[in-house]
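Asks: Quick one, structure for this:
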Amino acid sequence: MPGGRLTQQERQQIALGLADSLAYAEIARRLDRPTSTITREVMRNGGPTGYRADLAHRATERRAHRRRQAAPRGQQARPQAHGRDAETVREYEETLTTYLMQSGLPKMTARVLTCLYITDTGSLTAPELVRHLQVSPASISKAVAFLESQGLIRRDREEGRRERYVVDDDVWYQSMIAGARSNAQFAETARQGVHVLGSGTPAAVRLENIARFVDFVAESIARAAEQAREILYTKAEAPEDKP
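Replies: As a prediction, this is how the structure comes out:
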């Protein structure tokens, strides 16, 4: 597959494909590009209904210009650990951020979570996030507060007052359990409406069906999370020596 940035002609083909209601995968196949490249391009430039080839091309040129201005003259991209290619890592960072945004996270929140996911330590401080993302401390603080409220990260306090934000194997378990609890609370709230609206009425039946469905899903998620945690993250005990 060809590398490099999308050309203006390719962006025009993307716009035509979207107008014809083609899937991202089909547009990517026609351009001989990865599907992730097309998805990222569309989502960061107005989405499938707002994408415009000329606007997307100018926006990309502006971003590239800002990156060149932000980097000190003569400074090379910081070396990557484990022999990674800096440009490839940057593109993957954009791809993962785009996916998290499609999943419903605000842009800055998605960027912060992506940074935590792709760092080898699985943890960063607020100053480290500010330097990497080139945003204000207030933006980081707001994103971190949201991620913590969803159980997607946790805070560890280091010596002094500095905090480190962490993602690890247990964070996903805690997030799933928090989601299951939230669903269970919604089911209980729906059942309260059954009594208010009158048992057997169409509205009450609808709420009861919602509650039953959400209850089943919540229980399934909690059970699956417990099983996955036990199977995937419990260290196997050392075998006993046979006599």
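Asks: The residue minimising distance to the centre of the chain: what's it in contact with?
Replies: With distances taken as C-alpha atoms, centre = their mean, the residue of the chain nearest its centroid is Leu100 (2.5 Å). Leu100 makes contact with 109-110, 113-114, according to C-beta atoms under 8 Å, 6 or more residues apart in numbering. Yep, even glycine has a C-beta here, placed from its N, CA and C like the rest.
Asks: Could you export those residues as a markdown table, including pLDDT?
Replies: Shown next, in a markdown table, are those (pLDDT from 0 to 100):
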| residue | pLDDT |
| --- | --- |
| Thr109 | 94 |
| Ala110 | 92 |
| Leu113 | 94 |
| Thr114 | 94 |
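Asks: In contact with the nearest residue to Ala126 once chain neighbours are set aside: list those residues for me.
Replies: The shortest distance from Ala126 to any non-neighbouring residue, by C-beta to C-beta, 6 or more residues apart in numbering, is to Ile140 (5.2 Å). Shown in contact with Ile140 (C-beta under 8 Å, 6+ apart): 108, 112, 126, 129-130, 133.
Asks: Wait, a helix at Cys45?
Replies: Wrong residue type there; residue 45 is Asn, not Cys. No - counting by DSSP: H, G, I helix; E, B strand; the rest coil, Asn45 is not found in a helix; it is coil.
Asks: so it touches His57, yeah?
Replies: No - counting by C-beta atoms under 8 Å, Asn45 stays clear of His57, with 9.0 Å between them.
Asks: what's the most distant pair in the contacts of Leu100?
Replies: Farthest pair in the contacts of Leu100 (C-beta to C-beta) is Thr109 and Thr114. Separation: 9.7 Å.
Asks: Which neighbouring elements make contact with the longest helix along the chain?
Replies: In the chain, taking DSSP state H as the definition, the longest helix is helix 202-233. With contacts defined as 3 or more C-beta pairs under 8 Å, 6 or more residues apart in numbering; DSSP states H and E, the packing partners of helix 202-233 are helix 169-197.
Asks: Quick one: list the elements packing against the helix it packs on.
Replies: Helix 169-197 packs on helix 202-233, going by 3+ C-beta pairs under 8 Å, 6+ apart.
Asks: In this protein, mark out all the strands, start to finish.
Replies: Taking DSSP state E as the test, the strands found in the chain are 123-125, 154-157, 163-166.
Asks: so how far is the first one off the chain centroid?
Replies: Meaning strand 123-125. How far strand 123-125 lies from its chain's middle: 17 Å, per C-alpha atoms, centre = their mean, to the nearest Å.
Asks: before we move on, back to that, from Arg62, how far out is the residue nearest to the centre of the chain?
Replies: The gap separating Leu100 from Arg62 is 23 Å, by C-beta to C-beta, to the nearest Å.
Asks: cool, Val130 as well?
Replies: Taking C-beta to C-beta, one finds Val130 at 22 Å from Arg62.
Asks: try Ile231
Replies: From Ile231 to Arg62 the distance is 48 Å (C-beta to C-beta).
Asks: do the same with Ala204
Replies: 55 Å.
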